[in-house]
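Asks: any chance you could fold what I've pasted below:
(one chain, ligands or ions: 1)
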Amino acid sequence: MSEPRTFYVTTPIYYVNAPPHLGHAYTTVVGDVLTRFYRLAGYDTFFLTGTDEHGDKVVQAAAERQMSPKAYADEISNLFQSLWPRLNISNNRFIRTTDEEHKRVVQSILQAVYDKGDIYFGEYAGHYCVGCERFVTENELVDGKCPDHQKEPEFRKEKNYFFAMSKYQQWLVEHIRANPDFIRPERYRNKALSSLEEPLGDLCISRPKKRLSWGIPLPFDADYVTYVWFDALINYLTGVGYPSDSMYRAFWPEANHLIAKDILIPHGIYWPTMLQAAGIKPFVHLNVHGYWNIEGGKMSKSQGMIVDPFELSETYGVDAFRYFLMREMVFGLDANFSESALVGRLNSDLANDLGNLLSRSLAMVTKYFKGTVRQPADPGKEDEKLRDHALKVVDSFESDMKALGFHKALMGTWELVGHVNKYIDEMAPWSLAKDPDQKDRLATVLYNTLECLRIISCLIVPFMPQTGEKMWTQLGMDGSICDQCVKDMKAWGRVRAGQIIQRGAPLFPRRDPTESDGQKDSQTR
Ligand code: MSP
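Replies: Residues are numbered from 1 along each chain as shown. This is a model prediction of the structure:
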């Protein structure tokens, strides 16, 4: 069977109880990098992000500010919506769970599951963590507190509606076992399977209106609103126009959900069982990443340790910020954030390795050939080695990206950057330029250098869209880099003899490494 050519990627929809921080920025940048890569690879793509606006958590945060939940949700949702263009996020849609269309979709799915007999009325008593917005089991608590939120859960006993999730436990175990990439990386698949070793229980999917009115009313009982997770997960269907839109037919079930490890249970367990009950095919991949920590600890508002993506992208430039996030974290594992590490990568990988390579190459084309690319002569051994390496990097880049190995894809690209720098050092164009008999050799060396830079500009463009484009323009390439595809990258010889380079400002001015220490406090608040 041929691979489907559509790619649908989602981020979690973020709670509107606090402004966006580094963690939200990371997942959304990953979504954007993937979307841009899959576009290059020739797929039809759809990228969804948004905000999750119902539930106790938002009501509490709004009350602290003496605002109505809706006014508060509008304010914070706007902050998210204004951050994404600043980070060059190319989402196709921004969904809010307070959108009318979403309310209708949630109600239609609730009704379908209810009509099927998988929703029943009952009573439940348990420990509810408002931070997690779910009932937690005794096993999950550490010293009586939720380990993620450091708070004792509230005891709640209420009459409510329940989704017969336990009915689908066996199906889910079999589905996860039969589809090794359903939840990835493997550590999270194993985590989901191990929590499924315990009896699953049913899911309380309502809240009495008299206690919480900020939610989507149940279509079959006006005294209740929908539990926030049952409402929120369905955004992934609303986002592509479920049930009748052609987008839905094109993109579901090719969904790639991106989340961090904090919300594995709702996505890995509630969501597939909800889909199964509603008679909808499960998504293809749940992709789970680790946490960004600060100085080895959790980002925490109470300790003033929240990294602000607005400020960082402003200070260091959006591309350097995006590059750092993608290069520094191994998808699936935790990573440490520090501003000095960001400056380190900016100076070494971006300014020294890549920026210098471009500027020294273009300076030589200007000096020796008045800025015009010359026809290369027959390649020698070193030239072939460089070309073969460049083409090999494109192949491994493609497979690394599809396996979410972003840091590996970038490491491979930087090995090529290193190879081109070494090639220049060894071929020494400045010496060739002194000998009129070596004009053809000089033309060949500079041509191969520019051809590698063309390939590198396409490889980095999903990560650093502005930089890729700047390189493309400075190289004097025709057309837009956005129209390039992986096939073009692999076609050696796209730089044309006669094309005129356009030298520009350095891609990445170096930063003073001591500056970042002083600024640290202003970036965390
Ligand atoms: N509203 C729910 C999600 C519903 S999706 C149907 C929610 N919102 S959240 O605002 O708390 O966002 C959680 C997500 O933000 C994580 O899964 C992750 O994508 C991102 N991150 C939040 N903190 C993070 C880190 N410290 N590090 C990395 N990502 C983190 O849960």
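Asks: quick one: name the residues of the stretch 101-250 of the chain near the ligand.
Replies: Applying C-beta under 6 Å from any ligand atom, one finds that the stretch 101-250 of the chain approaches the ligand through Ala232, Leu233, Asn235. Glycine gets a C-beta too; all of them are placed from N, C-alpha and C.
Asks: looks like the last one contacts Ile95 (just checking).
Replies: Going back to what we said before, that points to Asn235. Yes - Asn235 lies in contact with Ile95 (C-beta atoms under 8 Å); the separation is 5.1 Å.
Asks: residues near Ile216, how many?
Replies: Around Ile216 there are 23 other residues, counting by other C-beta atoms under 10 Å.
Asks: so it is in contact with His54, correct?
Replies: Yes - contact between Ile216 and His54 holds when scored by C-beta under 8 Å: they sit 6.8 Å apart.
Asks: what sits in contact with each of the two?
Replies: Thr97, Val225, Thr226, Asp231 (C-beta atoms under 8 Å, 6 or more residues apart in numbering).
Asks: any idea which of those residues is closest to Arg345?
Replies: Thr97 (36.4 Å; C-beta to C-beta).
Asks: and the nearest residue to that closest one once chain neighbours are set aside, how many residues sit next to it?
Replies: Leaving aside its chain neighbours, Thr97 sits nearest to Glu53 (4.9 Å; criterion: C-beta to C-beta, 6 or more residues apart in numbering). Neighbours of Glu53 under the rule other C-beta under 10 Å: 28.
Asks: next, the nearest residue to Gln375 once chain neighbours are set aside: secondary structure please.
Replies: With sequence-adjacent residues excluded and distances taken as C-beta to C-beta, 6+ apart, Gln375 is closest to Ala497, at 3.9 Å. When classified by DSSP: H, G, I helix; E, B strand; the rest coil, Ala497 comes out as coil.
Asks: within range of the ligand, give me the residues from this protein.
Replies: For the chain, the contact set with the ligand under C-beta under 6 Å from any ligand atom comprises 12-15, 23-24, 26-27, 52, 232-233, 235, 259-260, 262-263, 291-292, 299.
Asks: kindly recompute the last result at 8 Å.
Replies: Within the chain, the positions adjacent to the ligand are 11-15, 17-18, 21-24, 26-27, 52, 133, 228-229, 232-233, 235-236, 258-263, 266-267, 271, 289-293, 298-299, 334 by C-beta under 8 Å from any ligand atom.
Asks: in the stretch 401-525 of the chain, mark out all the helices, start to finish.
Replies: Applying DSSP state H, counting those that start in this stretch to the stretch 401-525 of the chain gives helices spanning 406-427, 429-432, 439-460, 465-474, 486-490, 513-523.
Asks: and the fifth one, how far out from the chain middle?
Replies: Going back to what we said before, that points to helix 486-490. Centroid displacement of helix 486-490 relative to its chain, using C-alpha atoms, centre = their mean, to the nearest Å, is 24 Å.
Asks: what of the second one?
Replies: Averaged C-alpha coordinates place helix 429-432 at 44 Å from its chain's average position (C-alpha atoms, centre = their mean).
Asks: give the buried residues for it.
Replies: For helix 429-432, the neighbour count (16 or more other C-beta atoms under 10 Å) marks Pro429, Leu432 as buried.
Asks: what's the answer for the fourth one, then?
Replies: By neighbour count with 16+ other C-beta under 10 Å, helix 465-474 contains the buried residues Pro465, Thr467, Gly468, Lys470, Met471, Trp472, Gln474.
Asks: try the fifth one
Replies: By neighbour count, and taking 16+ other C-beta under 10 Å as the criterion, the buried residues in helix 486-490 are Val486, Asp488, Met489.
Asks: how near is the first one to the ligand?
Replies: Computed with C-beta to the nearest ligand atom, to the nearest Å, the distance linking Val486 and the ligand is 28 Å.
Asks: before we move on, back to that, need the winner for burial among the helices of the stretch 401-525 of the chain.
Replies: Most buried of the helices of the stretch 401-525 of the chain, by mean neighbour count (mean count of other C-beta atoms under 10 Å): helix 439-460, with a mean of 23.
Asks: so for that helix, mean pLDDT?
Replies: The average pLDDT within helix 439-460 is 98.
Asks: quick one on the thing from earlier: out of the shared contacts of Ile216 and His54, what pair is the most spread apart?
Replies: Maximum distance among the shared contacts of Ile216 and His54 (C-beta to C-beta): 11.9 Å, for Thr97 and Val225.
Asks: higher neighbour count, these two?
Replies: Thr97 (27 against 22).
Asks: run a quick neighbour tally on the closest residue to the ligand within the stretch 101-250 of the chain.
Replies: In the stretch 101-250 of the chain, the residue that lies nearest the ligand is Ala232 (3.8 Å; C-beta to the nearest ligand atom). Burial measure for Ala232: 27 neighbouring residues, criterion other C-beta under 10 Å.
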